[in-house]
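> Got a sequence here, can you build the structure:
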Amino acid sequence: MTPFNDGVAFIVIYMAVFFCVLPFGVRTPDEAGEEMLPGQATSAPVNPRLGFKALVSLGIAAVLFGIYFVVGYYDLLGLSDLFGRS
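From the prediction side, this is the model:
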């Protein structure tokens, strides 16, 4: 594994985790009891907290990437034997 491959793997893991974390804690104006602005979509979140969700996703992605890296570095699954690499 090259550093470029590791970087791409981390970005893919991070984006997958980020999109899984996005819907948590989202409240619409109706659920929050706030008044809607003219032209506002009914599904628009009141306070999406994107920075917090990005940091949570970063932590989860770091743990998952660590597992991915250790499994790949120590060849714990034996994939090199399966694909004929030494």
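> which SSE is the residue nearest the centre of the chain in?
Centroid-nearest residue in the chain, with Cα atoms, centre = their mean: Val17, separated by 1.9 Å. Following DSSP states H and E, one finds Val17 within helix 3-21.
> How about residues contacting that helix?
Residues from elsewhere that reach helix 3-21 (Cβ atoms under 8 Å, 6 or more residues apart in numbering): 53-54, 56-58, 60-61, 64-65, 68-69. Yep, even glycine has a C-beta here, placed from its N, CA and C like the rest.
> again, only using 10 Å
1-2, 50, 52-65, 67-69, 72-73 (Cβ atoms under 10 Å, 6 or more residues apart in numbering).
> secondary structure class for the residue of the chain most remote from its centre?
Taking Cα atoms, centre = their mean, the residue of the chain most remote from its mean C-alpha position is Pro38, at 33.1 Å. When classified by DSSP: H, G, I helix; E, B strand; the rest coil, Pro38 comes out as coil.
> what's near enough to touch it?
If you count contacts by Cβ under 10 Å, 6+ apart, Pro38 has none.
> And the pLDDT for it?
According to the prediction, Pro38 has pLDDT 92.
> about what we covered before: helices - which of the contacts of helix 3-21 land there?
50, 52-65, 67-69, 72-73 (DSSP state H).
> Output the lowest-mean-pLDDT helix or strand in the chain as CSV, restricted to C-alpha atoms.
One helix or strand of the chain scores below all others by mean pLDDT, DSSP states H and E: helix 79-82, with a mean of 72. Output of helix 79-82 as CSV, limited to C-alpha atoms (Å, rounded to 0.1, in the frame of the first residue of the first chain):
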residue,chain,number,x,y,z
LEU,A,79,-5.3,-11.7,0.8
SER,A,80,-1.8,-11.7,-0.7
ASP,A,81,-1.9,-15.5,-0.8
LEU,A,82,-5.3,-15.4,-2.4
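> Could you list every helix and strand in contact with that helix?
Judged by 3 or more Cβ pairs under 10 Å, 6 or more residues apart in numbering; DSSP states H and E, helix 79-82 is in contact with helix 50-73.
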